[in-house]
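Curious how this folds, go ahead:
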Amino acid sequence: MNSIRQVPSRVKTRRIETNLGAEREHFDKQQLSSISKAINSTETPVKEKHARRIILGTHREKGAYTFWSYALGLPLASSSILSWKFCHVLHKVLRDGHHNSLQDCMRHHSTLVEVGALWGNLHDRYGQLVALYSKLLCTKLEFHMKHSEIRPNLEATDEVLERTAGTDINNVFQLTVEVFDYMDTELRLAETVLRQLNTSIAISTLTSGQCRLAPLIQVVQDCSHLYHFTVKLLFKLHACLPADTLQGHRDRFHDQFHSLKSFFNKARDMLYFKRLIQIPKLPDSPPNFLHAASLAKHVKPVVVIPDEDEPEQQDDDDDDPEPLIEVSDASSSSVQAQPQQFDIFDQTFGPPNGGFDDRDLQIDSLKRELEMLRAELEKIKAEAQRYITQLKSQINSLEAELEEQRAQKQRALVENEQLRMELEATRRRNAEHESLMSTYSEAEKRSQATEQRYNKLKEKHTELVASHAELLRKSADTVKMLSATQQTQEEVERTKQQLSFEVDRIKQEADMKLEEQKFEMERLRRELEEKLAEVTRIKSTLQSSEKTSEEMNSSMTALQAEKERLMRSVSEKEAELSSLRQAAQVQQSSLQQEREKSSRELGELQGKLKEKSSQEEQLKQKLLAEQFALLQGTITEAETIIQDAVAKLDDPLHIRCTSSPDYLVSRAEATLSSIDKVKKGHADFLGNMGDAGGLLRALTQFSHLAADTIINGSATAHMAPTDHADRLTENCRDCATESLNFLKDLKAKATLQRADPAAVRLIVQKILYLGQELRPKGMDVRQEELGDLVDKEMASTSAAIEEAVRRIDEMMNQARKDTSGIKLEVNERILNSCTDLMKAIRMLVLASTDLQKEIVESGRGAATIKEFYARNSRWTEGLISASKAVGWGATQMVESADKVVLHTGKYEELIVCSHEIAASTAQLVAASKVKADRNSKKLTVLQQASRHVNEMAANVVASTKTGQEHLEDKDTMDFSGLSLIKLKKEEMESQVKVLELENQLENERLRLGELRKKHYDLAGVPLEQISEGNGLSSSPAHSATLSPKPTKPAIMRKPALAQKPNIPPKTTFK
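I've put the predicted structure just below:
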């Protein structure tokens, strides 16, 4: 037995290697199973047990080599869901895997970039998420490769962060920018996932929603650490740099803070996250970096992932679970190392002496103790984890209560400050009210005093007039002419005085009653006209009195004789006259004094009038200043609106927005009309700067319409050809620039006169012209021509089909003359099937024409046929397009059949023409039946004709393929004379040829897709309007023909990817 124990070491080494190889094979098998189950194309979240096995595999082999060796074989380009789950698993590997996994993943950085670029260019909902996720993973790899001190799970202490930042402030500044970029990629992915869930009305309890939400658990973990890093770095920067320099950093942090808080709040409300993760609460307001003491109030957000008490149920096809971590120490391993070799030997040759050794008993006891220790250790770990979870939850609740108390205190301070400001404003309003009341009372007193003075002057004037009239009546007997002249002059003077008093009264009323000024001025103007008329009448009376004096002079000669007789009486009366003259002089002096006093009062009133006019001038200047201030405020708001519109041109979220050229044209036309209104308002404002209302309204409308034009122009450019898109985007930017320049000229008084919107008008006209160019070409046809065009197209289609039948008959006769045997039989079968197809198409066109007539007669009402076609223009254009397609397909089939009969063409051309004719007729049927009555007999006839056309097209394809098989010679595959090496070489050459042909097929598919896109552009049918328009619902055949996707054509399908052949391992025989 001792000789059996002394086996050569070479045999033992070989058996150990065999055991290690089996263990490695088991490990590879288990990793492949976990990767295939975790990363697949089903829309379900990644199971935690599969991801855990992959992560444990990285720890076992100290790297991610095995993971990438299997991951590179996954068809990431074929399924967006598979790519999404691959990114999720890779994120878990980077966070929780071995630290060498970072270098292994960095070697495949280009693969991640290619996957992101591929799915970013495709319009797929998961594809957009994959593009963002791949960008996040690339950013994560680059950041942690540059800063290797910070692990990929971002669990780093403040000392590690300080050591990474260093003492150079430039390095701290650069590190802060990189952390900002890191956070932006995380938040952009989270916002896109939540936005897609909102738009698709997905529920977090469904597998489709959980598939998108599962990676956000890692995003929450990353964001909590990145938020803490950002706060620490910004406080450090503010301690070394001035606040103005870091204004951009603060603005960017505030945006990220609000986005992160919104993300945490939305995720916290979802049922899916409540059982998987405890999301921390952020404070209500961001930290104040301008106060260094605010750093003490900062609390690091802690994300808690509770342990699941219940073990996961294993699938039936899962492999046996392996132990997570080896907890045996070095001594136990050294003890077990030597007996393990003997166990292997004993299993092969049996135990020595037919029994157990003492060491076997010792090994069994040690194993039992080890198992007991493992169980106790697991219990201790579970208990400690539960305690940690409870303590963390208590800490989070206490922190939340503290933050709530701080928020309440802040709100109380804000409310107190608001109440104090409102009290001060109330006091100021009361003081202003009191000053206005005192000013009003003083003005009322002045108006009463002026009214009293005016009444006294009026009474005195009345007394003087009365006394003067009495004196004039006393002297009228003696000097009639003198008294008449003096009376006339006095009446003129009285009129002038009355007018002056009326003017004074008007001025006084204008001072106290500004609101009634216009009305009083009109009344006073009427009174003035009356007074002027009275003055004119007095002047005419004076002229008549002069004439009377002339007559009296003529009569004086006659009375001269009487004069001598009366001289004696005159001498007697002279004494009385002298006394009367003295009394008149006394009265004249008193009147002169009154006149001087009135002139002084008039001067005082004129001075007050000048003062009031100066006050009015000041108020007018103040009004002009306020109007210009309103204009500046409106211009500032308009600039903000246009700048916001320009900012959206570079916004990546705006790339998804689209618009139609028709809407862009309507917006551009509205903008041109608003420019005319702005120009008119500008001219009116220059004429009267006291009224800026028209210009303000025009500027408000112009700013909104210009911004709308810019945004819709950019949105239209997203779906336009490259040349038009570049020109349209450039014109939108030029429109914004010229608009801002025009508003800048309006904003300054120096350039207000020369502000001209002509440049803006020119740019908007360019945008309008580009929008009109981008309109679908089908709209160029006038509405009144549609009815005639339908009849012409249907007639031309019928004529084309008849011509095709005639040519096929001619080809049949020519083939019977030129060929014989099998070729003649094949040609006759092909031409007969083509003839049957043409006859079926002809019956279909006739049935479609009858159905269209029935539709027009039943739906036009009192309108004419042309008016009915014009009213349903979209449906009419569909009929025209379908008719053209049918006629063109018939012509192409005849030409292809002619080439096949003459052996100058390919059979595939005839098959493709058959498919094209079937699709065109299906389009014609769909366009005809959309407005037909369901119970119409002619509709039934049309459907039967459509089915007959499909059968005849299938016959053409079948006869073509049968004839091709008869005429082509197939070589028999005889490989009996080839050796193993030659067979392998032929197999490789065949695989190379298969790959070349697949590459050519893929390129041709892409070319076919681009050709179809160009066809739709030239036809003027937008892709989103194919299934819309007057209730048109696309049929299956129609949708297959009009599918815009180049990767999934309607006729051919992409074959499955060539799989790597499973070659069994070679067995070595000795």
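
Not counting its neighbours along the chain, what's nearest the residue nearest to the spatial centre of the chain?
The residue lying closest to the centre of the chain (CA atoms, centre = their mean) is residue 654, at 4.3 Å. In space, and not counting its chain neighbours, residue 654 is closest to residue 648: 4.9 Å by CB to CB, 6 or more residues apart in numbering. Quick note: C-beta positions are derived from backbone N, CA and C, even for glycine.

The one you found reaches residue 656, doesn't it?
No - in this structure, residue 648 is not within contact of residue 656 by CB atoms under 8 Å, at 11.9 Å.

Comparing those two, which residue is more hemmed in?
In this comparison of residue 648 against residue 656, neighbours counted by other CB atoms under 10 Å, the higher total goes to residue 648 at 16 against 10.

returning to what we had before: which SS state does the residue nearest to residue 654 fall under?
Three-state call for residue 648 (DSSP: H, G, I helix; E, B strand; the rest coil): helix.

got the contact list for it?
654, 711, 714 (CB atoms under 8 Å, 6 or more residues apart in numbering).

Once you drop chain neighbours, what's closest to the last one?
Of all residues beyond its chain neighbours, the one nearest residue 714 is residue 649 (4.9 Å), with distances taken as CB to CB, 6+ apart.

ok, now the second one?
Spatial nearest neighbour of residue 711, excluding adjacent residues (CB to CB, 6+ apart): residue 645 at 5.2 Å.

circling back to that earlier point, for burial, what's the neighbour tally of the residue nearest to residue 714?
Using other CB under 10 Å, residue 649 is surrounded by 17 other residues.

can you tell me how far it sits from residue 120?
In this structure, residue 649 and residue 120 are 19 Å apart, going by CB to CB, to the nearest Å.

got it, and residue 426?
For residue 426, the distance to residue 120 under the criterion CB to CB works out to 60 Å.

Kindly report the same for residue 383.
When CB to CB is applied, the distance between residue 383 and residue 120 equals 48 Å.

Tell me which of the two has more neighbours.
For residue 383 versus residue 120, the count of surrounding residues by other CB under 10 Å is larger for residue 120: 15 against 10.

Assess the claim that the more buried one and residue 127 are in contact.
Yes - using CB under 8 Å, residue 120 and residue 127 qualify as a contacting pair, with a distance of 7.1 Å.

Can you list the residue ranges for strands in this protein?
For the chain, applying DSSP state E gives no strands.

Would you map out the domains in it?
When the chain is parsed with the TED database, its domains come out as 15-124, 154-306, 620-774, 785-967.

Just put those domains in a markdown table and tack on distance to residue 1005 and mean pLDDT.
What follows is the domains of the chain, written out as a markdown table (distance: least, CB to CB, whole Å; pLDDT from 0 to 100):
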| stretch | distance to residue 1005 | mean pLDDT |
| --- | --- | --- |
| domain 15-124 | 14 | 88 |
| domain 154-306 | 28 | 88 |
| domain 620-774 | 22 | 87 |
| domain 785-967 | 14 | 75 |
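
Which among the ones you listed is found nearest to residue 590?
Across those, residue 590 has its closest neighbour in domain 620-774 (45.2 Å, CB to CB).

Can you tell me how far residue 621 is from residue 627?
Separation of residue 621 from residue 627 (CB to CB): 11 Å.

Between those two, point out the one with more neighbours.
Under the neighbour definition other CB under 10 Å, residue 621 and residue 627 were set side by side, and residue 627 has more, 19 against 10.

Not counting sequence-adjacent ones, nearest residue to residue 497?
Of all residues beyond its chain neighbours, the one nearest residue 497 is residue 461 (6.8 Å), with distances taken as CB to CB, 6+ apart.

Which residues are in contact with the residue lying closest to residue 38 once chain neighbours are set aside?
For residue 38, ignoring the flanking residues on the chain, the nearest one in space by CB to CB, 6+ apart is residue 50 at 3.8 Å. The neighbourhood of residue 50, defined by CB under 8 Å, 6+ apart, consists of 34, 35, 37, 38.

repeat for residue 149
Residue 149 sits next to 156, 160, 163, 164 when contact means CB under 8 Å, 6+ apart.

now, which of these sits nearest residue 375?
Within the contacts of residue 149, the smallest distance to residue 375 is 34.0 Å, found for residue 156 (CB to CB).

wait, doesn't that closest one sit right on residue 150?
Yes - checked against CB under 8 Å, the pair residue 156 and residue 150 is within contact range at 4.8 Å.

the more surrounded of the two?
When residue 156 is set against residue 150 and neighbours are counted by other CB under 10 Å, the residue ahead is residue 150, at 20 against 17.

Tell me where the model's unsure across the stretch 951-1070 of the chain.
In the predicted model, the stretch 951-1070 of the chain carries pLDDT under 70 at residues 967-977, 1015-1070.

One more pass at 50, please.
Within the stretch 951-1070 of the chain, the segments meeting pLDDT under 50 span 970-971, 1021-1070.

which neighbours do residue 156 and residue 150 share?
Contact with both residue 156 and residue 150 is made by residues residue 164, according to CB under 8 Å, 6+ apart.

Using neighbour counts, give me the buried entries of the contacts of residue 149.
In the contacts of residue 149, burial by neighbour count holds for 156, 164, counting by 16 or more other CB atoms under 10 Å.

Just to be sure, which of the contacts of residue 149 are found in helices?
When DSSP state H is applied, the contacts of residue 149 are split such that 160, 163, 164 fall in helices.

CSV for the residues you listed, including distance to residue 687?
Rendered in CSV, the data for the ones in helices among the contacts of residue 149 read as follows (distance: CB to CB, whole Å):
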residue, distance to residue 687
160, 72
163, 72
164, 68
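
still on that earlier bit, and the residue nearest to residue 714, how close does it get to residue 823?
65 Å.

before we move on, what about residue 208?
The value you get for residue 208 to residue 823, if CB to CB is used, is 58 Å.

Helices of the stretch 601-750 of the chain, start to end?
Remark: helices of the stretch 601-750 of the chain, listed N- to C-terminal, are 661-687, 693-717, 722-747; assignment by DSSP state H, counting those that start in this stretch.
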